[in-house]
Structure formats: C-alpha cells, structure tokens
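*Asks:* I would like the atomic coordinates for the input below:
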Amino acid sequence: MNDAGPDPDITSVAEELLEDLTAIHAEAEPIEIPRGIVGWLYRLRRAIEAVTTQTAKASWILVWVVFVLGLFNVVTRYIARFIERDIIVGEVFDLQWMMFGALFLLGLNYGVREGVNPRIDFWWADFSNKKKAIIDLLIHVFLFLPFLWMAIGVLWKYALTGMGRSFDGSWSTWKVWEIWEQSTDAGGLPRGPIKLLILIGFILMATQIIAEVIKQILVLLGHEELAGVAAYEAPLRVE
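*Replies:* From the prediction side, this is the model:
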C-alpha cells in the first residue's frame, strides 16, 4: 500500500517556484554603478529603455484594441449581408487600420531592444560578446542612425503639415484638432494624429538605437553587467 500523500497540484508548484525566484532576486547583489562617463552612459541607457518598456505595454494594449475593432468590423459586414443593409461604421473601420499602424510604430523600439531583427543565429551565437558588440556598433552607427536621421528629417515637415502647420511654417491656431488634416473618405477619421505618430515612432526607434550603441560601448569597455548582455545558446544547425 502506498502511504505517500497526494501529488501537489500545479498551482502549488507554481506558487513555490515564484517564491523561490523572488527570493533569488531579493538576494542578488545590486549592480555597483561606477562614477564618471560609464555611470552616466548606464543611467542614460536605463532611462531610454524605461520609455521602451512603456511603449511596449501600450503596443500590447493596442493588440487587443485592434482585435476588438476587427471583430466588430467582421461581424457588422456579415450581418449587413444577411439583412441586406449597409451597417458598416466607417469611423470604426478607419480606426482599426490606424490602431494597427500605431501598434507597430510604438513597438519598433521594443523590437530593437529585444533583438528581433533577423540574424544567422547558429553563426552569430558562436561569437564572443565583444565581437558581437563591434559588429552591431558599426551597423548601428553607420547604417541605422544615418537612415533614421534622414527619415526623421523628412517626416518632421510631413507630420507637422498633417497637424495643420502652414507651408510657411506658421500656425493659424494652437487648437490643432481644428486644423489638422482630415480624411478624404466618407466617415474617415483625421489623418493628422497618425502622421504625427509615424514621426514619434521613428524618434523612439532612434533613441533605442542610441541605447543599443551605449550597450555596445559598455561591453567594449569591459562592463557587460551594465550593458545587460544576455547569453543565448546557439540553435541546432539545419543542413
């Protein structure tokens, strides 16, 4: 006869695991931030990535907003076919596409931080952190930042014009919601805000690229703990 007690349920196991992880985190020694330029770079990186974290949360909320709006549009479209009436709401349809665009624009910097850009992983993972830092530093400084600088320069006038600024650079009123660009479609929403958001998305991406450059500089200076470098295992080769 087996006298062993009942197996713990998955909830109890999860709670114990969470307590263990919390205890480990509490016992971890805090990072000692050096003074001077290294400490300043570390604080700047953390400040930029704090903004990135918040925009990532906003993107996650927008995922559900887009889902709900899309579901509403699909349901009304099929109901309209069934009852042979046009009940599609143009504003909701327009809002869905704007929120879909906002989702990606606010998530660009998070994608950069998490390294979702495509790489040859089984080859890249074998490099040392310093070798990775050198390659990324060159790419970010000589490719990414010049492109983003040019894009922001082009989008600056585009976005402000969409928000209602005249071609001579003047504003007729500070109440931009009265003068921003409107949609030419029936029932369409104003286009000025989404044009401004395009500019904001690229600015956020540029700031995160700066944070990535700071990470790489810290690694090359021998401060990997301040750069937040994570270790990844190389996946299996597919040949």
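*Asks:* so how far is the helix or strand Met99 falls within off the chain centroid?
*Replies:* Met99 belongs to helix 90-114 when assigned by DSSP states H and E. On the basis of CA atoms, centre = their mean, to the nearest Å, helix 90-114 sits 10 Å off its chain's mean C-alpha point.
*Asks:* list the buried residues of that helix.
*Replies:* Going by neighbour count (16 or more other CB atoms under 10 Å), the buried part of helix 90-114 is 92-96, 98-103, 105-113. For glycine as for every other residue, the C-beta is placed from the backbone atoms N, C-alpha and C.
*Asks:* what residue is smack in the middle of the protein?
*Replies:* Gly107 (2.4 Å; CA atoms, centre = their mean).
*Asks:* ok, Arg165 - how many residues close by?
*Replies:* Neighbour count for Arg165, taken as other CB atoms under 10 Å: 18.
*Asks:* picking up where we left off before, excluding its own residues, what touches the helix holding Met99? List them.
*Replies:* Residues from elsewhere that reach helix 90-114, judged by CB atoms under 8 Å, 6 or more residues apart in numbering: 49, 51-53, 55-56, 58-59, 62-63, 65-66, 69-70, 72-73, 117, 183, 185-189, 193-194, 197-198, 200-202, 204-205, 207-209, 211-212.
*Asks:* are any of those buried, and which?
*Replies:* Buried, going by 16+ other CB under 10 Å: 49, 52, 55-56, 59, 62, 66, 69-70, 72-73, 183, 189, 193-194, 197-198, 201-202, 204-205, 207-209, 211-212, out of those.
*Asks:* how many residues are close by the residue nearest to Ser166 when sequence neighbours are not counted?
*Replies:* Among residues not flanking Ser166 along the chain, Ser172 sits closest, at 6.9 Å (CB to CB, 6 or more residues apart in numbering). Counted with other CB under 10 Å, the neighbours of Ser172 add up to 11.
*Asks:* pretty sure Ser172 sits against Trp180.
*Replies:* No - contact criterion CB atoms under 8 Å: Ser172 and Trp180 do not qualify, at 11.4 Å.
*Asks:* what residues do the two have in common as contacts?
*Replies:* Gly164.
*Asks:* how many neighbours does Leu137 have?
*Replies:* 17.
*Asks:* give the contact list for the residue nearest to Ser166.
*Replies:* Applying CB under 8 Å, 6+ apart, the residues near Ser172 are Gly164, Ser166, Ile179.
*Asks:* SS state for the second one?
*Replies:* When the structure is split into helix, strand and coil by DSSP: H, G, I helix; E, B strand; the rest coil, Ser166 lands in coil.
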